[in-house]
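J.: Got a predicted structure plus its sequence, pasted below:
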Amino acid sequence: MTGRLAGRAAIITGAASGLGAEMARTFSREGAAIVVADFNAEGGAAMTQELERSGGSAIFVETDVSRPADCERMVTRAVETFGKLDIIVNNAGIGGIGALADLTEEAWDVVMDINLKGVFLGTKYAWPALLANGGGVILNTASVAGLVPAPGFAPYGVAKAGVVQLTKITALEGAPHNIRANALCPVWVPTPMVEAALLISGDPDATRQMMIDGVPLGRMGTTQDVANSALFLASDEAAFLTGVALPIDGGSTAGAHVMLHRRGGLTG
Ligand SMILES: NC(=O)c1ccc[n+]([C@@H]2O[C@H](COP(=O)([O-])OP(=O)(O)OC[C@H]3O[C@@H](n4cnc5c(N)ncnc54)[C@H](O)[C@@H]3O)[C@@H](O)[C@H]2O)c1
């Protein structure tokens, strides 16, 4: 088998949709066997069939990443089916936008449980399998919202900042065991999660334009932009990279006044 991930076995959480789905397609094309792990049973099964129809090897494991027993089973099924685990992408997540003072405790907890604790649980249960494998790769989907604070983004931004810190701690604990850990920090990508946020905004076109105006390269990201970075970080080409939180953001976090930068600053 050829490909940049030939012979690897990878779990991708949240692979039924959006960024996770594109990572699954890309990793599969590059030779990895894929565990599609998602709590959306219909979407997860459909993605698994798509990968198989394209000549890949894949299984679906219905998984809620906020539940320890589900995460343990997802790893067990990966090792039973493919004989080992090389890569886990802790990608599953939900949106969480709203003014801090109006947030309910329940809304806070559900975002923390999925977006932050879910990454911890995926890492915790994958760890023994990665050790048994002689090492491996952990990728966590954080966000630019975990690098730069934005109003209305608690608890999402807090959870993602936690994912960035968790990734760095994972990298330090993993280094002696040949386990690399890196975080993906995308800016806006028009997945179902973002399309839902656009609808809630009340004026999707104006909000979309505002999002684009914040990106120096002048567009939203694509799912393939993110999958390409994930592929690189998962592959041996990134063998010396660990503890990195990679902005995939068209320059958004390069400067504080990105709209001015895009328009040529005060001279433009
Ligand atoms: N789209 C963006 O602009 C963007 C930017 C930065 C970061 N992210 C992050 O990327 C990740 C993927 O988001 P997306 O944009 O592809 O959204 P999406 O809604 O298209 O996909 C998210 C997937 O995660 C699954 N999921 C949600 N909660 C789960 C749970 N508890 N257990 C298992 N699966 C669960 C959903 O069923 C879905 O398939 C998220 O962590 C998100 O926070 C997205």
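T.: On my side now, so go ahead.

J.: did I read that right, residue 89 in a strand?
T.: Yes: with DSSP: H, G, I helix; E, B strand; the rest coil as the criterion, residue 89 is assigned to a strand.

J.: so what's it up against?
T.: 10, 11, 12, 13, 20, 23, 139, 140, 141, 230, 234 (CB atoms under 8 Å, 6 or more residues apart in numbering). Bear in mind the C-beta positions are built from the backbone N, C-alpha and C, glycine included.

J.: let's go with 6 Å and repeat that
T.: Contact analysis of residue 89 by CB atoms under 6 Å, 6 or more residues apart in numbering lists 12, 23, 139.

J.: what ranges do the helices span in this structure?
T.: Listed in chain order, the helices of the chain (DSSP state H) span 18-29, 41-53, 68-82, 105-111, 118-132, 156-174, 192-200, 204-213, 223-234, 258-262.

J.: any chance of these in a markdown table, plus mean neighbour count, mean pLDDT and distance to the ligand?
T.: Formatted as a markdown table, the helices of the chain follow (neighbours: other CB atoms under 10 Å; pLDDT from 0 to 100; distance: least, CB to the nearest ligand atom, whole Å):
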| stretch | mean neighbour count | mean pLDDT | distance to the ligand |
| --- | --- | --- | --- |
| helix 18-29 | 25 | 98 | 2 |
| helix 41-53 | 17 | 98 | 6 |
| helix 68-82 | 18 | 98 | 8 |
| helix 105-111 | 14 | 96 | 9 |
| helix 118-132 | 21 | 98 | 6 |
| helix 156-174 | 20 | 98 | 7 |
| helix 192-200 | 14 | 92 | 3 |
| helix 204-213 | 14 | 94 | 9 |
| helix 223-234 | 21 | 98 | 7 |
| helix 258-262 | 16 | 52 | 16 |
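
J.: Would you point out which residue is most central in the protein?
T.: With distances taken as CA atoms, centre = their mean, residue 141 lies nearest the centre of the chain, 2.6 Å away.

J.: next one: phi and psi at the nearest residue to that one once chain neighbours are set aside?
T.: In space, and not counting its chain neighbours, residue 141 is closest to residue 91: 4.1 Å by CB to CB, 6 or more residues apart in numbering. Torsion angles at residue 91 (phi, psi; degrees, to the nearest 10) stand at phi -120, psi -20.

J.: Neighbours of residue 91, how many?
T.: Residues near residue 91, counting by other CB atoms under 10 Å, number 28.

J.: start the count at 36, not 1, going forward
T.: Sure, I'll start numbering at 36, so the last one becomes residue 126.

J.: Would you mind naming the residues that bridge with the closest residue in space to residue 87 that isn't next to it in sequence?
T.: The shortest distance from residue 87 to any non-neighbouring residue, by CB to CB, 6+ apart, is to residue 93 (5.7 Å). Taking DSSP bridges, one obtains residue 69 as the residues bridged to residue 93.

J.: Mind pulling up the pLDDT for residue 93?
T.: As predicted, residue 93 sits at a pLDDT of 98.

J.: one step back: using JSON lines, please lay out the helices of the chain together with distance to residue 37.
T.: Listed next are the helices of the chain as JSON lines, based on distance: least, CB to CB, whole Å:
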{"stretch": "helix 53-64", "distance to residue 37": "11"}
{"stretch": "helix 76-88", "distance to residue 37": "17"}
{"stretch": "helix 103-117", "distance to residue 37": "18"}
{"stretch": "helix 140-146", "distance to residue 37": "40"}
{"stretch": "helix 153-167", "distance to residue 37": "24"}
{"stretch": "helix 191-209", "distance to residue 37": "28"}
{"stretch": "helix 227-235", "distance to residue 37": "33"}
{"stretch": "helix 239-248", "distance to residue 37": "38"}
{"stretch": "helix 258-269", "distance to residue 37": "14"}
{"stretch": "helix 293-297", "distance to residue 37": "40"}
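
J.: just so I know, which of those helices lies nearest residue 217?
T.: With CB to CB, the closest approach to residue 217 among the helices of the chain belongs to helix 258-269: 4.8 Å.

J.: packing partners for that closest one?
T.: helix 53-64, strand 171-176, strand 214-221, strand 280-283 (3 or more CB pairs under 6 Å, 6 or more residues apart in numbering; DSSP states H and E).
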